[in-house]
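Participant: next one to model:
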Amino acid sequence: MSGIRIKIFAIILFAALSINSVIAQSNFRVMFYNVENLFDTINNPQKNDDDFLPDGNLRWNQYRYWKKLNAISQVIDSINSGYPPALIGLCEIENESILFDLTKRSKLRKHKYNYIITRSDDPRGINVALLYQRDDIKITETHEYKPVFIGLPES
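Facilitator: So this is what the prediction gives:
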């Protein structure tokens, strides 16, 4: 995972945790999970996602997509005997439709997660996201910031 994605995620997580209207009433867990190239099977002509198509180099298909999605939801659901974290940072997510499938069409739907996703400049379309349990955390505002690295050439 690139340092830029880690820094972008850290900014998102910091922003989510520093919202002035959040009042902690009880303990909650926070988790970070690199889901390693979680792509759907739909071509996005504006991104270089061709390897993750049914006829691409990786032969990515609906079966493999749902198998990976269900494995990820199983890992998250198994934390703390079925009481998963209130906040989950995810990296290497292609798009919002994957988050919809993960939070609304998998085992995680019972935990009532909502999500926020970045829109990165990564040529493959890789983004970072934040899942949050809507009954425990209320996001009142979001901002996305692009890190500036002094002395490094812009990409």
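Participant: for this structure, which strand is longest?
Facilitator: Longest strand in the chain, counting residues (DSSP state E): strand 30-38.
Participant: neighbours of Val128, how many?
Facilitator: Neighbour count of Val128, defined by other Cβ atoms under 10 Å: 28. Where C-beta positions appear, they are placed from N, C-alpha and C, glycine not excepted.
Participant: Gln74 in helix, strand or coil?
Facilitator: Using DSSP: H, G, I helix; E, B strand; the rest coil, the structure places Gln74 in helix.
Participant: quickly note the distance from the closest residue in space to it that isn't next to it in sequence to Pro123.
Facilitator: Distance criterion Cβ to Cβ, 6 or more residues apart in numbering; nearest residue to Gln74, sequence neighbours excluded, is Lys107 at 6.4 Å. Note on Lys107: its distance to Pro123, by Cβ to Cβ, to the nearest Å, is 32 Å.
Participant: so those two - more neighbours on which side?
Facilitator: Neighbour count, other Cβ under 10 Å: between Lys107 and Pro123, Lys107 has more, with 17 against 11.
Participant: that one against Ser73, yeah?
Facilitator: Yes - contact status for Lys107 versus Ser73: in contact at 4.3 Å, counting by Cβ atoms under 8 Å.
Participant: in stretch 105-114, what's buried?
Facilitator: Using 16 or more other Cβ atoms under 10 Å as the burial criterion, the residues of stretch 105-114 that qualify are Ser106, Lys107, Leu108, His111, Tyr113, Asn114.
Participant: cool, stretch 70-78 as well?
Facilitator: Asn70, Ile72, Ser73, Ile76, Asp77.
Participant: got those residues as CSV, with distance to Gln133 and pLDDT columns?
Facilitator: What follows is those, written out as CSV (distance: Cβ to Cβ, whole Å; pLDDT from 0 to 100):
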residue, distance to Gln133, pLDDT
Asn70, 20, 96
Ile72, 16, 97
Ser73, 14, 95
Ile76, 11, 94
Asp77, 13, 91
